[in-house]
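A.B. asks: got a sequence here, can you model it:
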Amino acid sequence: MSAGGGGADDEVAADDTGTGGERGLERLLVFGDAVVAIAITLVVLPLVDAAQDLDDRTAWQFVQDHRAGLGAAALSFLVIWVLWRPQHRVFERAHGYTPRTATLHVVWLAAVVVLPLPTLLVVEAPHGDRSAPVLYIGTVLVALVAGRLEYADLWRSGKLDGRAPTARSWATPAAAALALVLAATVPGVGMWGMLLLVPAGLVEDRISRPAR
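C.D. replies: Residues are numbered from 1 along each chain as shown. As a prediction, the model looks like this:
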């Protein structure tokens, strides 16, 4: 083959060395965005089906009857957005990936897909039930850890521009882990422990912005 060949040949060469090039990264991200979109859609579908059986109820009565499901859908959408945003920032600065990155991304996607279930359980669980908040926070923690490990792997493999990951990059997963322990061991804490993620997220947001 001529020396002038490129494109597909470069992609194959990148795969042979155990890494993916920019074209492979683009396909990985398209797949991930599609999975996230489907996960968000699945949150709303049960409500869409329920709306087809209004009978003689008004729209307000429907909202009252399904306020738990609506609350779960809104919370799921918000949390999925919060999880997706830093991922998007990281991959904007990436120019390739490794097989380990791809595996970690699948783990992250799995947590995102599962998240609507513990969200609904939190809304519907009886007062004082600790298992629902623990399952919810545990799912969020899996996504956070997988995302940080992706960041570290991309940096270590030389496929990420910008600042190197630091201990402060783990502020949000550490806050989620503490929230998980509190929800499992302290009565009445429940989902309130998730408030710890707010200051931790602000710390990470400041250090994750690309250097000017």
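
A.B. asks: only C-alpha atoms from now on, for both contacts and neighbour counts.
C.D. replies: OK.

A.B. asks: and for residue 142, the neighbour number?
C.D. replies: 18 (other Cα atoms under 10 Å).

A.B. asks: so, low pLDDT: which residues of the chain?
C.D. replies: 1-20, 204-212 (pLDDT under 70).

A.B. asks: what about dumping the CA coordinates of stretch 45-59 to CSV?
C.D. replies: Extracted C-alpha coordinates of stretch 45-59, given in CSV (Å, rounded to 0.1, in the frame of the first residue of the first chain):
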residue,chain,number,x,y,z
LEU,A,45,-42.7,7.0,28.5
PRO,A,46,-44.8,5.5,31.4
LEU,A,47,-46.3,8.9,32.0
VAL,A,48,-47.1,9.2,28.3
ASP,A,49,-48.9,5.9,28.4
ALA,A,50,-50.8,6.9,31.5
ALA,A,51,-51.9,10.1,29.9
GLN,A,52,-53.7,8.1,27.2
ASP,A,53,-56.2,6.9,29.8
LEU,A,54,-57.4,10.2,31.2
ASP,A,55,-61.1,9.1,31.1
ASP,A,56,-63.0,12.0,32.7
ARG,A,57,-60.1,13.4,34.6
THR,A,58,-58.8,16.9,34.0
ALA,A,59,-55.1,17.5,33.3
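
A.B. asks: buried stuff in it?
C.D. replies: Across stretch 45-59, burial judged by 16 or more other Cα atoms under 10 Å covers residue 47.

A.B. asks: can you tell me which residue is spatially central in this structure?
C.D. replies: residue 83 (3.6 Å; Cα atoms, centre = their mean).

A.B. asks: against residue 130, how distant is that one?
C.D. replies: Distance of residue 83 to residue 130, given as Cα to Cα, to the nearest Å: 23 Å.

A.B. asks: and the next helix or strand past the helix or strand in which the residue nearest to the centre of the chain is found?
C.D. replies: In the assignment (DSSP states H and E), residue 83 maps to helix 67-92. Tracing the chain C-terminally past helix 67-92 and defining elements by DSSP H and E, one meets helix 99-114 next.

A.B. asks: alright, I will stop here.
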